[in-house]
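In: task: produce atomic coordinates for the following.
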Amino acid sequence: MKGGRPGERLVVCHNPLEAERDRKERERMVQKLQAMAGSGKKVPKKLLRSAAARRYLKISGGTVRLGETRVKGDARYDGKWVVRTNTALPPQEIAQRYKGLWRIERAFRTLKSPLEIHPPYH
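Out: From the prediction side, this is the model:
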């Protein structure tokens, strides 16, 4: 897949395990929202501050209902993510290397913590 800049590629990845986790998480949230919206009670402001909740709720006047089309539309993206790269590596290797970045980030965080290294300020 071609990217927007010259020499750049977009690699779309799919992880079936994450797709299942995303589906379950969305279903759990939708059940909570349906219970709150269908109960006739006021929806708590705390819930409305949640971007995920606002994404699925349609609020008009004093009524709150679930936006079914948004819920179904989001299901298309379960377990999918995009990596933008300029390398010529095969897509599988790009995905594996991206997923392995957490090790480097954790090692750097561990190194930085006891030494109290911070970015220099000029």
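
In: and for residue 33, the neighbour number?
Out: Each residue near residue 33 was counted by other Cβ atoms under 10 Å, and the total is 23. To be clear about C-beta, it is placed using only N, CA and C from the backbone, and glycine gets the same treatment.

In: how far does the helix or strand where it lies sit from its chain's centre?
Out: Here residue 33 sits within helix 16-38, counting by DSSP states H and E. Put simply, helix 16-38 sits 14 Å off its chain's centre (Cα atoms, centre = their mean, to the nearest Å).

In: all helices for the chain, in order.
Out: For the chain, helices defined by DSSP state H occupy the ranges 16-38, 45-49, 51-56, 68-74, 91-99, 101-115.

In: pick out the shakiest of those helices, pLDDT-wise.
Out: Among the helices of the chain, helix 45-49 carries the lowest mean pLDDT, a mean of 68.

In: and residue 99, how many neighbours?
Out: Residue 99 has 13 neighbours, counted by other Cβ under 10 Å.

In: mind checking how far it is from residue 87?
Out: With the distance defined as Cβ to Cβ, to the nearest Å, residue 99 ends up 15 Å from residue 87.
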